[in-house]
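# got a sequence here, can you build the structure:
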Amino acid sequence: PILFSLPPRRVLKDASGKELAQARRKKTPGLHATYYLGTMSDEKKVHLREKGILNPLDSNAAIIIDGNEVGKVKGNWRAKSFTVTINDSEVMTVSRKTNMTSLILDADSYCLNVGAGMDPVFAALIVVGLDELHHDN
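Predicted coordinates:
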């Protein structure tokens with residue numbers, strides 16, 4: 001019998017298969033769901049912590065580095081539309097791409113509009129984390 005299970009770890013790879021970054025759900029339960037985002041050598045570099053748990057449609061989250069909130073995610077999960085701000089500057093907007101395949105297979109595709117200076121791998125990690133945080137809502 002299995003006594004416990006570890007949460008799945010998501011790994012982002014480049015076109016050649018090189019592992020670039022990873023994301024996974026926090027193992028211990030807490031009031032706010034948390035997803036860890038990081039490099040392959042530091043999986044807990046960034047915490048993506050859910051906010052506004054009273055409204056499950058909100059995709060609001062805090063982006064935390066070294067215990068300090070440096071960014072925010074704000075939007076509507078049902079509409080799959082949200083914005084990301086870091087240090088009070090909007091760095092990314094995200095929307096869901098809906099087509100017949102996504103409706104039939106219940107697969108999510110996202111359109112990311114990443115601003116200048118924003119790391120595209122970090123941007124993808126944020127979307128992976130949000131998708132995982134809100135997947136069951």
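# contacts for the longest helix along the chain, please.
In the chain, with assignment by DSSP state H, the single longest helix is helix 120-134. Contacts to helix 120-134, defined as Cβ atoms under 8 Å, 6 or more residues apart in numbering, come from residues 10, 12, 20-21, 23, 25, 33, 35, 37, 46, 48, 50, 56, 59, 61, 63, 73, 77, 82, 84, 91-92, 94, 108, 110, 112, 114. Backbone N, C-alpha and C define where each C-beta goes, glycine included.
# by mean pLDDT, flag the weakest helix or strand of this structure.
helix 100-105 (a mean of 65; mean pLDDT, DSSP states H and E).
# ok, now how distant is L133 from S41?
24 Å (Cβ to Cβ, to the nearest Å).
# more crowded one of those two?
Neighbour count, other Cβ atoms under 10 Å: between L133 and S41, L133 has more, with 21 against 7.
# tell me the buried residues in stretch 122-137?
Buried residues in stretch 122-137, counting neighbours by 16 or more other Cβ atoms under 10 Å, are found at 122-134.
# ok now it, how far from the chain's centre?
Centroid displacement of stretch 122-137 relative to its chain, using Cα atoms, centre = their mean, to the nearest Å, is 3 Å.
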